[in-house]
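Participant: give the three-dimensional model of this entry:
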Amino acid sequence: MTFDDRPIHSHSDPAQTAAERAEIEPLAPATADDESTNTTAQTERKQGSMVREIIETLLLALIIFLAVRAVVLNFRVDGLSMMPNLENNEMLLVNRNAYLSFDSWALVDWLPLVDHEEENIVHLFSPPQRGDIVVFDAPVPGADKPYIKRIIGLPGETIEARNGSVYVDGQKLDEPYLQGEETWCNRNQDCEPVTVPEGSIFVLGDNRDNSQDSRAFGPVDIDSVIGKAWVTYWPIGEAGVVPHYDYPEISEGN
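Facilitator: Numbers count the residues shown, from 1 in each chain. So this is what the prediction gives:
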């Protein structure tokens, strides 16, 4: 008996691996349940992204609000004491950091054997200046609203009112913003000279006949100043930067 020793050919290639066969096997068609699961997952991702964006927007708005409030404060003029330059109910932005300062000795006083009884005050921007309009805590008992007045006298200066005019260290102050109004104390009486203590300012309202100011309650502690009037924003017709007045006749003399 003879045998045919020729190789037997198979319809499948033995060299083909299971992995290769798997590659050519068709994928099972997606079911309705799979599509529903994918749609739900996409919806949840969109909702999560939307919630995250809302939270981020609110946090950013809160940060901006707090940052702005740390710098400026809304203030409404209540009364006629600053007319004709500031009207009743006029809305202002007050710069809370205009007079920001610190004691430079505090930076080294913590060191051993270093101690200073006196202070060395450094202003980051500028100290209070004559002509600035400032908002400060009520200086009289029972008052519950801040006052707004103009700085007239600075620490160490002597302020007096006589013959209808204000004098600083004996020099007459030119105040064009009063539009000719005179300054008196109690029915055309001159005001006694007042020397402004260190750390204080002497303030007057622009409406000298209708203003309770340093003529009545004396100099104001600088620490009680809330801020400097910066911008008028209401009514719209009055919007603009609150003007600052210089007094060259005083600065030249000093």
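
Participant: who's in contact with the most centrally placed residue in the chain?
Facilitator: Geometric centre of the chain, nearest residue: Val71, 1.4 Å, by CA atoms, centre = their mean. Taking CB atoms under 8 Å, 6 or more residues apart in numbering, we find Val71 in contact with 95-97. Any C-beta I mention is one placed from the backbone N, CA and C, and that applies to glycine too.

Participant: who wins for neighbours among the residues you listed?
Facilitator: Most neighbours among those, by other CB atoms under 10 Å: Asn95, with 21 neighbours.

Participant: for the stretch 51-200 of the chain, give me the ranges with low pLDDT.
Facilitator: Where the stretch 51-200 of the chain drops to pLDDT under 70, the residues are 64-70, 102-117, 120.

Participant: ok, now with 50
Facilitator: By pLDDT under 50, the stretch 51-200 of the chain contains no weakly predicted segment.

Participant: which parts of it are strands?
Facilitator: 72-76, 91-95, 101-103, 121-123, 133-136, 147-153, 158-162, 165-168, 171-172, 191-195, 200-204 (DSSP state E, counting those that start in this stretch).

Participant: would a markdown table of these with distance to Glu182 be doable?
Facilitator: Listed next are these as a markdown table, based on distance: least, CB to CB, whole Å:
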| stretch | distance to Glu182 |
| --- | --- |
| strand 72-76 | 28 |
| strand 91-95 | 27 |
| strand 101-103 | 35 |
| strand 121-123 | 34 |
| strand 133-136 | 20 |
| strand 147-153 | 14 |
| strand 158-162 | 9 |
| strand 165-168 | 7 |
| strand 171-172 | 12 |
| strand 191-195 | 12 |
| strand 200-204 | 12 |
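
Participant: for Pro235, which of those is the nearest?
Facilitator: Nearest to Pro235 among the strands of the stretch 51-200 of the chain is strand 91-95 (8.0 Å), distances taken as CB to CB.

Participant: compute the inter-axis angle for that closest one and strand 72-76.
Facilitator: Angle of strand 91-95 versus strand 72-76, following axes from the mean of the first three to the mean of the last three CA atoms, to 10 degrees, is 150 degrees.

Participant: where do the helices of the chain begin and end?
Facilitator: Applying DSSP state H to the chain gives helices spanning 18-24, 32-71, 214-217, 248-253.
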